[in-house]
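In: build me a model from this:
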Amino acid sequence: MNSQPRIAVCAIGRSGHEATPQQAADAHAVIRRRFARIYGETSAHELVIQYGGSVKPENAASMLAPHGVDGALIGGASLDPDQFLAIVPAGICEDQTKGISA
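Out: Numbering: from 1, shown residues only. Next up is the predicted model:
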């Protein structure tokens, strides 16, 4: 298999009506199952799926917490450095920070 990760982006909802964390997780599960049918379980397991809905500092942690939601595309909040930096910790998992000292 190619060493580059496969990425799927899932956008749910519309401005002012964002998805719930459960809706995002459910949509990502459907994408992963369909991908598995086409490309196999190993490829589906390696697939990186990012949530592409409305992610803000207030909901980033809950949107990124469900299993199967591997990341998020940040929209308008990326234009404000303070908002963007408030979202970043929600996307960092414990495994990524092992061995890093402050």
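
In: show the average pLDDT along stretch 73-85.
Out: Averaging pLDDT along stretch 73-85 gives 91.

In: ignore the last one, stretch 55-70
Out: Regarding stretch 55-70, the rounded mean pLDDT is 87.

In: report the buried residues of that stretch.
Out: Neighbour counts over stretch 55-70 (16 or more other C-beta atoms under 10 Å) mark 55-57, 59-60, 63-64, 66, 68-70 as buried. In this view, the C-beta of every residue, glycine as well, is placed from N, C-alpha and C.

In: possible to save those residues as TSV with secondary structure and distance to Glu41?
Out: Shown next, in TSV, are those (DSSP: H, G, I helix; E, B strand; the rest coil; distance: C-beta to C-beta, whole Å):
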residue	secondary structure	distance to Glu41
Val55	coil	29
Lys56	coil	34
Pro57	coil	35
Asn59	coil	31
Ala60	helix	29
Met63	helix	26
Leu64	helix	24
Pro66	coil	20
Gly68	coil	14
Val69	coil	19
Asp70	coil	17
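
In: now for those, which pair is the farthest apart?
Out: Taking C-beta to C-beta as the measure, the buried residues of stretch 55-70 span a maximum distance of 22.2 Å, between Pro57 and Gly68.

In: still on that earlier bit, which one of the buried residues of stretch 55-70 sits closest to Leu47?
Out: Using C-beta to C-beta, the buried residues of stretch 55-70 come closest to Leu47 at Asp70, 8.2 Å.

In: now the closest one: closest residue in space that isn't a chain neighbour?
Out: Closest residue in space to Asp70, ignoring its immediate chain neighbours: Val48 at 4.7 Å, by C-beta to C-beta, 6 or more residues apart in numbering.

In: who are the packing partners of the longest helix that the chain contains?
Out: For the chain, the longest helix by residue count, based on DSSP state H, is helix 21-39. In terms of contacts (3 or more C-beta pairs under 8 Å, 6 or more residues apart in numbering; DSSP states H and E), helix 21-39 is packed against strand 7-10, helix 41-46, strand 48-51, helix 60-64.

In: contact partners for the residue sitting nearest the centre point of the chain?
Out: Central residue of the chain (C-alpha atoms, centre = their mean): Gly71, 2.3 Å from the mean position. Counting by C-beta atoms under 8 Å, 6 or more residues apart in numbering, Gly71 touches 48-51, 64, 91.
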